[in-house]
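Colleague: got a sequence here, can you model it:
(chains A and B)
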Amino acid sequence: MGMTYIPSTLGEALLLRAETGAHPLAGGSDLMVQSKRGIALAPEFPFPVMIITGLDELKGITLLDDGSVEIGALTTPAEIASSSVVPWHVREAASGMGAIALRNSATIGGNIGNASPKGDLPQPLILLDAEVVLISVHGERRMLLDDFILGSKKTALGDDEIIKSVVIPKHDFSYLFYRKIGMRRANAISKLSLSAAAVVKDDEIIDFRAASGAAGPKVIRSREAEAILKGHMREEIPALMDTFLEAWNNAISPHAMPLYRRNTTKRMLAYFLSAIHEGKEEGIIREDS
Amino acid sequence: MLNEIVFYVNDKKIVFNGNPLTRLIDVLREDLELTGVKEGCGEGECGACSVIKDGKLVTSCIIPVGAVNGSRIYTIEGIRDTEKGRCIIEAFAEGGAVQCGFCIPGMVMAAYALLSSNPHPSEMEIRKGISGNICRCTGYDLIVESIKLASEKGGELWA
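Modeller: Below you'll find the model as predicted:
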């Protein structure tokens, strides 16, 4: 069993991280559950832990000059969901995480650092090409979240680093889609989730992107599949549909994935693409559920 | 670096010197004998241990006490004699919301948090407001009705 520390400042936390390798504990909603021992017993960890919940330097949401949005690692899903500057896909995912109490204590840094394939926030963040800012006593570095999350429960976090924030670049999508499918409408773990977005100008598909959550060891993006649609005209969608859906299906293929997940993903993508093809009013495309 | 954790529970100052990973629920139940806080799942899923931390509903079974330094915590014991607390508890009694009662302290805390931020919730908003609180007896309908009743009877109290 390791020591437990409560740093008062980010500087202290970085020193502790460098000297002891202490793992950061933020909201506790993953770590406290993974290491629980039962009634009236404190969880035990096989490594040192630092409780960073109180570090104000890692909290808050900032709209940056270039239009991108920086979200501090200790920001909660409740704060993200109610922010007016956070992009829609991310707010939508945050508002569907667990129930109210969990959304008040979980953190975006924890959701990313835990790197669960069923985590709700990485999926829309990877759709939007979000970057993660990592900090250590040696300074900061940034990388695409898609590169930071290596697989199930695996990240590129250095032994001396902690997650400082997430930066989401500005996008101006014509069409947006998000859907999480769980066992019930609230307080459910994702069985499957999908987000998608497109930019259509003068009937040309300038940008098309999608991200599947809970569909493999990490969030699935397929640039190859996206390229099938990009640069084509709206009216070509029916002709390209099958090729695109097949490419997407192959992108999520490597590991055994139940048929219903594949079929549901296909159906949602086809629904979104059909809405674009039909020239539906620009904005959020919602399925009647 | 913090060596002791100072926080407030039901307006009483608490100084904690033990293991910072001790679950908040254990400090509340074992040390402070606030046994209205119930442990159901121990995983933050059932809501029986719900308390209000700095104005927000949280589940005390997944929060280490080391994370509450400087916080103000309210449990069912801290709100039951307030006007708002009485309003909800009387509405629960009048509406027949209680069967075995195990989930009820958590339900009352969730209702308190809901009505404090949304004085006149719709039925769907009430259901969402208690979606993190599991009840195995009532089927929820009478709890939902009772929260609606508390919203109506409380009137200005929640504004």
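Colleague: list the contacts of the residue of the stretch 51-200 of chain A found nearest chain B.
Modeller: Going by C-beta to the nearest C-beta, chain B is nearest to A:Ala99 of the stretch 51-200 of chain A, at 2.6 Å. All C-beta spots, glycine's among them, are computed from the backbone N, C-alpha and C. Applying C-beta atoms under 8 Å, 6 or more residues apart in numbering or on different chains, we find A:Ala99 in contact with A:186-187, B:47, B:131-133.
Colleague: again with A:Lys170
Modeller: Applying C-beta under 8 Å, 6+ apart, the residues contacting A:Lys170 are A:66-69.
Colleague: walk me through the domains of chain B.
Modeller: Following automatic domain parsing, one finds the domains of chain B at B:5-75, B:80-158.
Colleague: element containing residue 91?
Modeller: No chain in the question, so chain A it is. Per DSSP states H and E: A:Arg91 is located in helix A:88-95.
Colleague: ah, no, chain B please
Modeller: Assigned by DSSP H and E, B:Ala91 belongs to helix B:83-94.
Colleague: next one: phi and psi at B:Lys53?
Modeller: Here is the backbone geometry of B:Lys53 (degrees, to the nearest 10): phi -120, psi 120.
Colleague: that one contacts B:Ile63, doesn't it?
Modeller: Yes - judged on C-beta atoms under 8 Å, B:Lys53 makes contact with B:Ile63 at a distance of 7.5 Å.
Colleague: what touches both of these two?
Modeller: Here B:Lys53 and B:Ile63 share the contacting residues A:Ser105, scored by C-beta under 8 Å, 6+ apart.
Colleague: higher neighbour count, these two?
Modeller: Neighbours of B:Lys53 and B:Ile63, each counted by other C-beta atoms under 10 Å in any protein chain shown, are more numerous for B:Ile63; the result is 28 against 22.
Colleague: just the buried positions in stretch A:227-245, please.
Modeller: A:228-229, A:232, A:234, A:237, A:240-241, A:244-245 (16 or more other C-beta atoms under 10 Å in any protein chain shown).
Colleague: quick revisit: which helices and strands does the helix holding B:Ala91 pack with?
Modeller: If you count contacts as 3 or more C-beta pairs under 8 Å, 6 or more residues apart in numbering or on different chains; DSSP states H and E, helix B:83-94 packs onto helix B:104-117, helix B:141-154.
Colleague: on that earlier part again, pull out the buried members of the contacts of A:Ala99.
Modeller: So, by 16+ other C-beta under 10 Å, the buried ones in these are A:187, B:47, B:131-133.
Colleague: which parts of the stretch 151-289 of chain A are strands?
Modeller: Remark: strands assigned in the stretch 151-289 of chain A by DSSP state E, counting those that start in this stretch are A:154-155, A:162-168, A:175-181, A:192-201, A:204-213, A:283-284.
Colleague: residues in contact with A:Pro124?
Modeller: Counting by C-beta under 8 Å, 6+ apart, A:Pro124 has contacts A:87, A:89-90, A:92-93, A:178, A:195, A:211.
Colleague: near chain B, which residues of chain A are found?
Modeller: Contact residues, chain A versus chain B (C-beta under 8 Å from any C-beta of the partner chain): A:4-8, A:12, A:25, A:27-29, A:32-33, A:36, A:38-45, A:49, A:51, A:53-54, A:78, A:98-102, A:104-105, A:185-187.
Colleague: show the buried residues in the residues you listed.
Modeller: Neighbour counting with 16+ other C-beta under 10 Å marks A:4-7, A:12, A:25, A:27-29, A:32-33, A:36, A:42-43, A:45, A:49, A:51, A:53-54, A:78, A:98-102, A:104-105, A:187 as buried within those.
Colleague: leaving out chain neighbours, which residue sits closest to A:Val219?
Modeller: Closest residue to A:Val219 apart from its sequence neighbours, by C-beta to C-beta, 6 or more residues apart in numbering or on different chains: A:Ile126 at 4.5 Å.
Colleague: how near is the one you found to B:His120?
Modeller: From A:Ile126 across to B:His120, the span is 39 Å (C-beta to C-beta, to the nearest Å).
Colleague: many thanks, we can stop here.
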